[in-house]
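>>> show me the folded form of this:
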Amino acid sequence: MSEAAVAAVSVRDALARAGAQLARAGCDTPSLDAELLLASVLEVDRGRLVRDAADPVDGLALASFEQLTARRVAREPIAYILGRKAFRRIELAVDPRVLIPRPETELLVEVGLTLPRGARVVDVGTGSGAVALALKDERPDLDVTGTDTSSDALAIAEANAKLLALDVSFRRADLTGAGAYDAVLANLPYVADGASLPPEIALYEPAEALFGGPDGLEVIRRLVASVGEVPLLALEVGFDQADVVAALLSDAGFETVERLQDLAGHERVVAARR
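Next comes the predicted model:
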């Protein structure tokens with residue numbers, strides 16, 4: 001048997017070895033992570049890995065896969081390793097300059113979808129542009145703006161808008177900045193200072209987009225106080241913050257306050273109207 005044959009590693013074996021490494025590192029979904037990384041290296045879909053499980057992985061591809069696996073063993077998020085993240089109907093470029101879009105944030109888009117035709121919407125703390133771009137993708141009639149205090153985040157959001165060919169305006173501003181809007185949607189920092197977070201978040205995601213003061217609500221309070229008579233304000237909040245935020249919005253004069261649950265059953269978005 002040749003040295004090449006002895007050294008050959010099948011797709012199945014490469015996945016099994018990487019999956020075991022990731023499991024030992026404490027990753028929640030080691031097999032899925034391994035499949036995503038190898039599929040990316042081989043430029044195939046995950047179904048192809050199943051069909052071609054017995055095929056060998058060539059040396060260069062195997063080396064690249066092992067490098068990506070090592071990054072995931074260090075608990076770097078899959079989205080940062082791959083440089084992309086799916087969000088509703090679009091795919092976004094992401095890196096450690098922005099938070100990774102999460103399924104619960106899609107609730108903000110769902111609130112935005114209820115707006116009347118031609119409404120003016122601002123996505124505050126836009127980051128990668130996820131909410132603003134997904135909303136524009138599904139409701140091209142809306143006038144959508146995204147704001148952020150981070151010029152790095154805005155560079156990513158603008159690049160995503162260009163790649164997706166979506167007409168969203170992005171600008172650097174604290175909260176909404178200047179302008180009149182029919183709706184304000186916001187995924188602001190809401191983690192309490194000093195809170196314990198998984199390594200993927202604590203080590204890699206931008207702290208300024210996560211932490212919101214002693215109880216996590218400093219930035220949210222500032223936004224509520226700044227929006228004036230806006231008809232609709234929707235906020236993503238921590239899993240145990242809905243009661244406090246709902247009371248805050250009622251005290252600010254909003255007539256109706258709705259709580260939307262994420263897939264885990266947590267009240268994750270509070271939407272207030274007047």
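>>> drop to CA atoms for contacts and neighbour counts, all remaining ones
Fine.
>>> show me the strands in the protein, by range?
Using DSSP state E, the strands of the chain run over residues 9-10, 56-57, 84-87, 90-93, 120-124, 143-148, 169-172, 183-186, 232-236, 256-261, 267-273.
>>> export those to TSV and tack on distance to Val219 and mean pLDDT?
TSV is the format used below for these (distance: least, CA to CA, whole Å; pLDDT from 0 to 100):
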stretch	distance to Val219	mean pLDDT
strand 9-10	51	95
strand 56-57	49	96
strand 84-87	24	98
strand 90-93	25	98
strand 120-124	11	98
strand 143-148	13	98
strand 169-172	16	97
strand 183-186	10	98
strand 232-236	11	98
strand 256-261	19	98
strand 267-273	15	98
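>>> now these as JSON lines including mean neighbour count and distance to Leu203?
Converted to JSON lines, those look like this (neighbours: other CA atoms under 10 Å; distance: least, CA to CA, whole Å):
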{"stretch": "strand 9-10", "mean neighbour count": "18", "distance to Leu203": "32"}
{"stretch": "strand 56-57", "mean neighbour count": "18", "distance to Leu203": "31"}
{"stretch": "strand 84-87", "mean neighbour count": "17", "distance to Leu203": "18"}
{"stretch": "strand 90-93", "mean neighbour count": "19", "distance to Leu203": "19"}
{"stretch": "strand 120-124", "mean neighbour count": "25", "distance to Leu203": "24"}
{"stretch": "strand 143-148", "mean neighbour count": "26", "distance to Leu203": "22"}
{"stretch": "strand 169-172", "mean neighbour count": "18", "distance to Leu203": "26"}
{"stretch": "strand 183-186", "mean neighbour count": "26", "distance to Leu203": "24"}
{"stretch": "strand 232-236", "mean neighbour count": "26", "distance to Leu203": "22"}
{"stretch": "strand 256-261", "mean neighbour count": "16", "distance to Leu203": "28"}
{"stretch": "strand 267-273", "mean neighbour count": "23", "distance to Leu203": "24"}
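>>> any chance of those strands in TSV, plus distance to Leu248?
Below are the strands of the chain laid out as TSV (distance: least, CA to CA, whole Å):
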stretch	distance to Leu248
strand 9-10	57
strand 56-57	57
strand 84-87	29
strand 90-93	33
strand 120-124	18
strand 143-148	23
strand 169-172	26
strand 183-186	15
strand 232-236	12
strand 256-261	10
strand 267-273	10
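>>> quick one: which of those strands is nearest Arg221?
Evaluated over the strands of the chain, closeness to Arg221 peaks at strand 232-236, with 10.8 Å, by CA to CA.
>>> partner strands of that closest one, with direction?
Based on DSSP bridges, the pairing partners of strand 232-236 within the sheet are strand 183-186 (parallel), strand 267-273 (antiparallel).
>>> so which of these comes closest to Phe239?
strand 267-273 (5.8 Å).
>>> that closest one to strand 256-261, inter-axis angle?
160 degrees (axes from the mean of the first three to the mean of the last three CA atoms, to 10 degrees).
>>> break the chain into its domains for me.
Here the domain parsing of the chain from automatic domain parsing is 3-74, 97-273.
>>> roughly how far out does the last one sit from the chain middle?
What it means is domain 97-273. From the chain centre to the centre of domain 97-273 is a distance of 11 Å (CA atoms, centre = their mean, to the nearest Å).
>>> and the shortest one, by the same measure?
Using CA atoms, centre = their mean, the mean C-alpha position of domain 3-74 is found 25 Å from that of the whole chain.
>>> find me the pLDDT at Lys136, would you?
We have a pLDDT of 98 for Lys136.
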